[in-house]
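**Q** Just the structure for this:
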Amino acid sequence: MLVLVSYDVSTLEAAGRKRLRRVAKVCQNYGQRVQKSVFECKVDAMTLEILQDALLKEISLTEDNLRIYRLTEPLTKNVKEFGKFRATDFDAPLIL
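**A** Below you'll find the model as predicted:
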């Protein structure tokens, strides 16, 4: 399944800036950045739980906001993309 992870971490204090970097690093381990605080992640149900748990360990529930959206199939109908950035096709062969 494809999920969209977005977050807003309070960076007024040094601890918040550290949380922001840690949240971004967790997201980078599971998907690709599509905007500054938005990631697309292709995960199965178990990996989604692991991702969610890892993110909840990093954020402050009293200061930050975390949202995870499940994007429904068919993606070509439900996800429209405009502009310069082109997302990685997770289903295409990976060529290094």
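
**Q** Where does pLDDT dip in the chain?
**A** Filtered on pLDDT under 70, the chain yields the residue ranges 75, 80-81, 85-96.

**Q** and if we set it to 90?
**A** For the chain, applying pLDDT under 90 flags the ranges 1, 71-96.

**Q** At which residues are the helices of the chain located?
**A** Here the chain has its helices, by DSSP state H, at 14-28, 45-58, 75-78.

**Q** Just send those helices back as a markdown table, with distance to Phe39 and mean neighbour count too.
**A** Yep, even glycine has a C-beta here, placed from its N, CA and C like the rest. Below are these laid out as a markdown table (distance: least, C-beta to C-beta, whole Å; neighbours: other C-beta atoms under 10 Å):
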| stretch | distance to Phe39 | mean neighbour count |
| --- | --- | --- |
| helix 14-28 | 4 | 16 |
| helix 45-58 | 10 | 14 |
| helix 75-78 | 16 | 9 |
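
**Q** Can I get these in CSV including distance to Lys84?
**A** Putting the helices of the chain into CSV (distance: least, C-beta to C-beta, whole Å) gives the following:
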stretch, distance to Lys84
helix 14-28, 20
helix 45-58, 27
helix 75-78, 20
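
**Q** Does Ile68 touch Leu4 like I think?
**A** Yes. Ile68 lies in contact with Leu4 (C-beta atoms under 8 Å); the separation is 7.3 Å.

**Q** one step back: Ser37 is nearest to which of the helices of the chain?
**A** helix 14-28 (7.8 Å; C-beta to C-beta).

**Q** now what about that closest one, what contacts it?
**A** Helix 14-28 is contacted by residues 5, 7, 9-11, 33, 37, 39, 41, 51, 54-55, 58-60, 63-64, 66 when judged by C-beta atoms under 8 Å, 6 or more residues apart in numbering.

**Q** All good on my end, thank you.
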